[in-house]
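Student: Predicted model follows, preceded by the sequence.
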Amino acid sequence: MNGTEAYGALGAQTTVNGTRINYNPGRSSSVDIPVQRNAAGEEVFVKGVGTHMWQSSGDEASNWTHILKSWHPLNFARFFMARMLGGFTVLERCPNSWDRYEEDAELSAGLGCNGFRTNLEWSRIEPVQGRIDMAAVQRYRAIFNSLVQRGMTLNITLHHFTQPQWFDELGGWTKAENIQLFVNFAVKAVELFGDQVQIWATFNEPTSSSTMGFIFGAYPPGRMLGFTTAGIALLNMLRAHTAAYNAIKALPGGERHKIGLTHMIIPFTAWPDLGPFTAHNRFAAHWLTFWWGYDLMDEYLLKGRFKWCVPGLSDSCVFEAQDHIPPLDWFGVNYYSRPVVSPFLTPGRRPWQVLSDLGYPIDPDGMYKVLVRSAAYGAPIYVTETGVSINSQRHRQYMIDSYFKEILRAMRDGVDIRGVYYWTLLDNFEWNGGYSIKFGLFEWSPWPWGKDRMRRKAADTLTEFYRVLPNTITAVRSAVHKMDLRHDECSPPPHSLRWWISNCALLYLMFLEKLWQVFAGFFSPSEQTAGKQALE
C-alpha cells in the first residue's frame, strides 16, 4: 500500500398544509448553518445528483468485494441472477468513476447541478485497520475538487452499505464495541476533507443494511432469518450516528459541519384486501414495513425509543432501548415508492400503475406523504434519493415530472425542503441486482459493444426542471405558490398487451375487494356505524 498514515482513537410545532405537526425541540441541531450562499448571501436550493463509488468503481478491501469474490455456494447464489442478467460484476467491468471523475463532474454540471452526493469509501481510506491510504485520500481530494470547481456543493455519506472486510471480521455492527471504530473513521474523514465538505451523512439507509444483511441475506454479511441480530445491528448503527455526530461537533470548527442521516421511507401495502383470504400478504406487508423502519425509525427519531419485534412475538418484543433523541442538522429522505404485496407474495400494483424493474410501482403521491411525515422531525429535509429503473423513457420522464412536482407541493404546504438529489448520474452495479437495474440519467453498459455514458431523454426532463427552478431557497418557496404542480395521477399506460391483460385482472380484483367490503359491512353493521362515527 502506497503512503499510509497511522491514527488512534479519537415541544415545538410546524404547520404543513394547514395542519400543525408536533416535533421535539430537544433535538440537537445546527439548522442555521448554511449549505451554500450566493453573492447576495442567500442560501442556495440544492439541485443535484448522486452516485456511489463502489457501485461505479469497485475496490479491493470492502465486504461487498469479499462476498462477490467468494465461491461459497450461498454467496455465489446471491449474485447468480446479477451475473446472468448483467453479464459482469463491478469487479470485472465498471464505469470507473474513480479514474474518470472529470468526465462525470462535467456530465453533472451539464445537467444544471449545483450539488453532488457521493460516499467516502471506508475500505479505500482505511483498507487495513488503523492505516490510512494517503493515495486514496489524494484521489478523493481530486474528485471533490473537480466538483467544487464546477460550482457544486458536496454531500458526503460516510457509510453507504459498504465497509471494510476487516470490520466485518471483527463482528461489524453486531457488536457495540465496534461503534468506536466507525467514530474514529468519521472524525478522520472530517479532518482530511473538512475544508472541501461541510455536509455529511453518517449513514445511508441503516434499515436497508440491517434487513438485507441479516434477514434476507442479500447484502453482506449474508445472514438469513437473523431477526434479533438485525435489530441489534440497526440499533448499533443508530447509536454510531449519535456518537459520530458528537465527536465531529467536538472538533475545532466542528459546528460548521452539517451532519445528517438518510432513511429509506418505504411503507409496504397489501392489495387487494379480501379479509381472511389475503391475511398472508397483509402479514408480509406488515413485517416488511416494520423491518424497513417505517414506524420504528419514526419513534426513534422523535423520542429516542427503539422497540424491536420479530414475527410470532408481536405482543412481546425481543428488546427495547431508550436513548436520547438522535441529533440531526438535516434529514435525508430516500423515497422511491410504496411497494404493493400481491396475494401471491410477489411485487404487485394497483390498476393503471406501472412497475419498475425492481418491482415497485411509480407512485408520486407517496412522495408528498413521506415528506409531510418527515417534517415532524424538526430538521431541514433533503430528498437524498429518488429515481427509477425502467426501460420506457416515457415512464422515466413521468416519474421525474410527477415526483418533483410533489416535492414542490410539499414545499408549498410548509415542509422545509432544502434540496434534492436524483439517483443516479449513470448506470452502475445496483447491489444484488447487478447491471440489470439501470437508474442512470446516462446509460452505461458493461458489454464491450454497449453504450458508455449515453444521455437518456430523462436527463433532459431533469435538466429543464433544474433550469426553471429558482436558485435560492427563498425564491423557490415563493415560486411554488405560482407554479402549476398538476400531473397525471397514474403513469401513462405502456405499449404492452401483457400490461393491458394484467390490468383487466387487477380491475377484477378491485371488484372483488369492493364486493368483500359490502359483504363484510352487511354482516357487521355495528362496526360499520362505529367507523363512520369515528370519521365524523
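Tutor: Now that the structure is in, tell me what you want to look at. Numbers count the residues shown, from 1 in each chain.

Student: what's the first-to-last distance across stretch 410-429?
Tutor: By Cα to Cα, to the nearest Å, the extent of stretch 410-429 from end to end equals 32 Å.

Student: Could you give the separation of it from the chain centroid?
Tutor: 10 Å (Cα atoms, centre = their mean, to the nearest Å).

Student: Average pLDDT for it, rounded please.
Tutor: Stretch 410-429 shows an average pLDDT of 98 in the prediction.

Student: Now it: buried residues?
Tutor: Using 16 or more other Cβ atoms under 10 Å as the burial criterion, the residues of stretch 410-429 that qualify are 410-429. Every C-beta, even on glycine, is put in place using the N, C-alpha and C of the backbone.

Student: In helices, which of those fall?
Tutor: Among the buried residues of stretch 410-429, DSSP state H puts Ala410, Met411, Arg412 in helices.

Student: could you dump those residues to a markdown table with distance to Arg373?
Tutor: Formatted as a markdown table, these follow (distance: Cβ to Cβ, whole Å):
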| residue | distance to Arg373 |
| --- | --- |
| Ala410 | 10 |
| Met411 | 15 |
| Arg412 | 17 |
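
Student: For Tyr335, see how far away the closest residue to Glu489 other than its chain neighbours is.
Tutor: Among residues not flanking Glu489 along the chain, Asp365 sits closest, at 7.2 Å (Cβ to Cβ, 6 or more residues apart in numbering). According to Cβ to Cβ, to the nearest Å, Asp365 and Tyr335 sit 11 Å apart.

Student: Next: Lys249.
Tutor: Lys249 sits 28 Å away from Tyr335, going by Cβ to Cβ.

Student: So if I had to pick from these two, which one is more boxed in?
Tutor: Between Lys249 and Tyr335, counting by other Cβ atoms under 10 Å, Tyr335 is the more crowded of the two (26 against 18).

Student: Tell me the buried residues in stretch 209-220?
Tutor: Ser209, Ser210, Thr211, Met212, Gly213, Phe214, Ile215, Phe216, Gly217, Ala218, Tyr219, Pro220.

Student: try stretch 133-140
Tutor: By 16+ other Cβ under 10 Å, the buried positions in stretch 133-140 come out as Asp133, Ala136, Val137, Tyr140.

Student: now, which of these lie within strands?
Tutor: Taking DSSP state E as the definition of strands, these contribute Asp133.

Student: Any regions of the chain where pLDDT drops low?
Tutor: By pLDDT under 70, the low-scoring segments of the chain are 1-35, 39, 71-86, 313-316, 523-536.

Student: gap between the spatially most central residue of the chain and Phe203?
Tutor: For the chain, the residue nearest the mean C-alpha position is Asn334 (3.5 Å; Cα atoms, centre = their mean). Using Cβ to Cβ, one gets 11 Å for the distance from Asn334 to Phe203.

Student: what do these two both touch?
Tutor: The contact sets of Asn334 and Phe203 overlap at Thr262 (Cβ atoms under 8 Å, 6 or more residues apart in numbering).

Student: okay, the buried residues of stretch 133-140 in TSV with distance to Lys457 next?
Tutor: Formatted as TSV, the buried residues of stretch 133-140 follow (distance: Cβ to Cβ, whole Å):
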residue	distance to Lys457
Asp133	40
Ala136	36
Val137	38
Tyr140	32
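
Student: If anything else comes up later, I'll come back, but that's it for now.
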